[in-house]
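Enquirer: here is my input, please return the structure:
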Amino acid sequence: VQLVESGGDLVQPGGSLRLSCAASGFTFSNYLMRWYRQAPGKEREWVASINGPGTYTSYADSVKGRFAISKDDAKNTVYLQMDSLKPDDTAVYYCKALDPRGIREYWGPGTQVAVSS
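Expert: Predicted coordinates for the structure are as follows:
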């Protein structure tokens, strides 16, 4: 099983980034996929979720209206489109896969996002 995030970068406030999380080794289309982030000196926090069929999404209040989660089952990849970025969005972003019964979970190593002028 492997999850690999990519797309992190340094961006100016107000800018956009799209993160990707490529999955392998499990039935991607069945799993709930989530994005989390961890800023320096803070606990890891949940950012967004998408269900297996891709029909339901949810977001933390801090990113609602600015971030969008999506998935492509043909590519076994989940995305996080981040718009109107703020310095407070600076963090390492992680994706997590959770099986439908909530028993197995897998994490990626993370990708760094820095928002600064």
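Enquirer: phi, psi for the most centrally placed residue in the chain please.
Expert: Closest to where the C-alpha atoms of the chain average out (Cα atoms, centre = their mean) is Trp35, at 3.0 Å. Trp35 adopts backbone torsions of phi -110, psi 140, taken as degrees, to the nearest 10.
Enquirer: what about the nearest residue to it once chain neighbours are set aside, which helix or strand?
Expert: Nearest non-adjacent residue to Trp35, counting by Cβ to Cβ, 6 or more residues apart in numbering: Val47, 4.3 Å away. For every residue, glycine as well, the C-beta is placed using N, CA and C. Using DSSP states H and E, Val47 sits in strand 45-50.
Enquirer: need the contact partners of the following helix or strand past that strand.
Expert: Next along the chain after strand 45-50, taking DSSP H and E as the criterion, comes strand 57-59. Outside strand 57-59, the residues within contact range by Cβ atoms under 8 Å, 6 or more residues apart in numbering are 47-51, 67-69.
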